[in-house]
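Engineer: Give the three-dimensional model of this entry:
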Amino acid sequence: MASRISARIGAISESATLAVDAKAKALKAAGRPVIGFGAGEPDFPTPDYIVEAAVEAARDPKNHRYSPAGGLPELKQAIVAKTKRDSGYEIEASQVLVTNGGKHAVYNAFATLLDPGDEVLLPAPYWTTYPEAIKLAGGVPVEVLADETQNYLVTVEQLEAARTDKTKALLFCSPSNPTGAVDSPEAVAAIGRWALEHDIWVLTDEIYEHLTYGDTKSTSIPVAVPELADRTVVLNGVAKTYAMTGWRVGWMIGPKDVIKAATNLQSHQTSNVSNVAQRAAIAALTGDLSAVDEMKKAFDRRRQTMVKLLNEIPGVECPEPTGAFYAYPSVKGVLGKEINGRTPTTSAELAEIILDDAEVAVVPGEAFGAPGYLRLSYALGDDDLTEGVNRIAKLLS
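Structural biologist: This is a model prediction of the structure:
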């Protein structure tokens, strides 16, 4: 009997991070004191001036109508100015497509660039959506694993070893979700030069560009290697920087022919992004970064607390993340040991035990192409963070 669901859609895995978050929220709603480290979502409200801009926009009848599928011209101009201000990358409005969140930009980029059988080099650990978007576009994800011994940063040598005559693109994400690792300017330039030499497209996800700590700074690959700009697509959005995950405004920046093609695709997919959300995004991008700096201070404090507490747990090894808001500890030293009568052999089984017995939700490394690890977001309140990690420590010690 033929399947009721297409093979293409049936092959998609559920978003593991959203699934863990949903399970934690359901348990909490049922009265259990679950602490969730699952979702990558700032716990701060969207800054007031952005919300006020949205309220004003909602009252204006011009925002009650269709607008250009590729984005409001004013928002495109704000993205042009913001990109120059924040990363030093000079672009034109015709190189911008406004999308329904960062995920939509990821999907549009792969759908626009890939033909069936094209290979995409995917440094692992990777964000759960990347391989699914690649496969939906007919591409083949080729995982390149960088473990904790190299601080989760992939090397040119590893990429070269994975390259074949079918390699079309590289997915590059720095600061990284899920590891929080940030490539040095030298490493970004070296990877960019390698991609240029081999005529490989680079899709660079810069959604966490502002969330770096200490002396660490994020480097935009087309700025490090300007000649690569014609084969680079930059993915970004307002979600993480401005605590706007629910507003669903992202964008892709690329060569004009790619953006024109992706805009054609979007004109049939979704038409325009919500006008009210776009007006809010304009306020975010044209305002100063003081609200962002306040959030970053809190994330930095929580980052240091979480890493310290995790590294005190026997069998757990957690490199210090220098970007984003995730810790990504190795739990290989815990696997195979009995915990409350159960013996986990995988990080997925360990995550299940932690949820059942400690009432703490974490995402296992299997979701990110790297079994043997857990991802914990530190974008939650200080008290919950400390309590949650202490519960894990008590369970595993």
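
Engineer: Which residue ranges make up the domains of the protein?
Structural biologist: Domain assignment of the chain by the TED database yields the ranges 7-45+290-396, 48-288.

Engineer: May I have the distance across the shortest one, first residue to last?
Structural biologist: End-to-end distance for domain 7-45+290-396: 41 Å, by CA to CA, to the nearest Å.

Engineer: mind listing what residue 315 touches?
Structural biologist: 331, 332, 333, 334, 337, 396 (CB atoms under 8 Å, 6 or more residues apart in numbering). To be clear about C-beta, it is placed using only N, CA and C from the backbone, and glycine gets the same treatment.

Engineer: Now do the same for it: helix, strand or coil?
Structural biologist: Classification of residue 315 by DSSP: H, G, I helix; E, B strand; the rest coil places it in coil.

Engineer: same thing with residue 241?
Structural biologist: coil.

Engineer: Correct me if wrong: it contacts residue 291.
Structural biologist: No. The criterion here is CB atoms under 8 Å, and residue 241 misses it with residue 291 at 9.3 Å.

Engineer: Identify the residue spatially nearest to the most centrally placed residue in the chain, adjacent ones excluded.
Structural biologist: Nearest to the mean C-alpha position of the chain, by CA atoms, centre = their mean, lies residue 177 at 4.8 Å. Computed as CB to CB, 6 or more residues apart in numbering, the closest residue to residue 177 that is not its neighbour in sequence is residue 127, at 4.7 Å.

Engineer: does the residue lying closest to residue 241 once chain neighbours are set aside count as helix, strand or coil?
Structural biologist: Spatial nearest neighbour of residue 241, excluding adjacent residues (CB to CB, 6+ apart): residue 210 at 4.8 Å. Here residue 210 is recorded as coil under three-state DSSP.

Engineer: for residue 388, same thing?
Structural biologist: What three-state DSSP gives for residue 388 is helix.

Engineer: That one and residue 381: what is the separation?
Structural biologist: 10 Å (CB to CB, to the nearest Å).

Engineer: Between those two, which has more neighbouring residues?
Structural biologist: Higher neighbour count among residue 388 and residue 381: residue 388, with 26 against 13, using other CB atoms under 10 Å.

Engineer: Would you mind confirming that the more buried one makes contact with residue 33?
Structural biologist: No. In this structure residue 388 lies outside contact range of residue 33 using CB under 8 Å: 10.3 Å.

Engineer: In the stretch 51-200 of the chain, where is pLDDT below threshold?
Structural biologist: The stretch 51-200 of the chain contains no residues with pLDDT under 70.

Engineer: ok, now which ones touch the closest residue in space to residue 106 that isn't next to it in sequence?
Structural biologist: Of all residues beyond its chain neighbours, the one nearest residue 106 is residue 133 (5.1 Å), with distances taken as CB to CB, 6+ apart. Applying CB under 8 Å, 6+ apart to residue 133 gives the contacts 103, 106, 107, 110, 111.

Engineer: at 7 Å what do you get?
Structural biologist: Residues counted as contacts of residue 133 (CB atoms under 7 Å, 6 or more residues apart in numbering) are 106, 107, 110.

Engineer: Which strands or helices does the host helix or strand of the last one pack on?
Structural biologist: Element membership for residue 110, per DSSP states H and E: helix 101-113. Helix 101-113 sits against strand 96-99, helix 129-136, strand 232-237, strand 250-253, helix 256-269, with contacts defined as 3 or more CB pairs under 7 Å, 6 or more residues apart in numbering; DSSP states H and E.

Engineer: Wait, residue 373 touches residue 331, no?
Structural biologist: Yes. Counting by CB atoms under 7 Å, residue 331 is a contact partner of residue 373 at 6.4 Å.

Engineer: Overlap in contacts, these two.
Structural biologist: Common neighbours of residue 373 and residue 331 (criterion: CB under 7 Å, 6+ apart): residue 347.

Engineer: re the thing from before, got a winner among the contacts of residue 315 for most neighbours?
Structural biologist: Most surrounded of the contacts of residue 315: other CB under 10 Å gives residue 331, at 27 neighbours.

Engineer: Distance from the chain centre to the lengthiest helix in the chain, please.
Structural biologist: In the chain, assigned by DSSP state H, the helix with the most residues is helix 290-311. Relative to the centre of its chain, helix 290-311 is centred 18 Å away, using CA atoms, centre = their mean, to the nearest Å.

Engineer: And stretch 316-333, by the same measure?
Structural biologist: The answer for stretch 316-333 is 16 Å, by CA atoms, centre = their mean.

Engineer: Please identify the buried residues of that stretch?
Structural biologist: Neighbour counts using 16 or more other CB atoms under 10 Å place 316, 318-332 of stretch 316-333 among the buried residues.

Engineer: That stretch: end-to-end distance?
Structural biologist: 6 Å.

Engineer: for it, what is the average pLDDT?
Structural biologist: Summarised as a single mean, pLDDT over stretch 316-333 is 96.

Engineer: residues contacting residue 370?
Structural biologist: Neighbouring residues of residue 370 by CB under 7 Å, 6+ apart: 124, 125, 145.

Engineer: Please tell me how far the last one sits from residue 195.
Structural biologist: Right, residue 145. To residue 195, residue 145 is 19 Å away according to CB to CB.

Engineer: ok, the two, which is more surrounded?
Structural biologist: Neighbours were tallied for residue 145 and for residue 195 using other CB under 10 Å; the higher tally belongs to residue 195 (25 against 16).

Engineer: Not counting residues beside it along the chain, what's closest to that one?
Structural biologist: residue 202 (5.1 Å).

Engineer: Can you report phi and psi for that neighbour?
Structural biologist: phi -120, psi 120 (degrees, to the nearest 10).

Engineer: again, but for residue 211
Structural biologist: Backbone torsions of residue 211, given as degrees, to the nearest 10, read phi -100, psi 80.

Engineer: same question, residue 125
Structural biologist: Per degrees, to the nearest 10, the backbone of residue 125 is at phi -60, psi 140.

Engineer: Counting neighbours, what do you get for it?
Structural biologist: By the criterion of other CB under 10 Å, residue 125 has 27 neighbours.

Engineer: Spit out the contact partners of it.
Structural biologist: Per CB under 7 Å, 6+ apart, neighbours of residue 125: 152, 178, 179, 328, 365, 368, 369, 370, 373.

Engineer: Cheers, nothing more for now.
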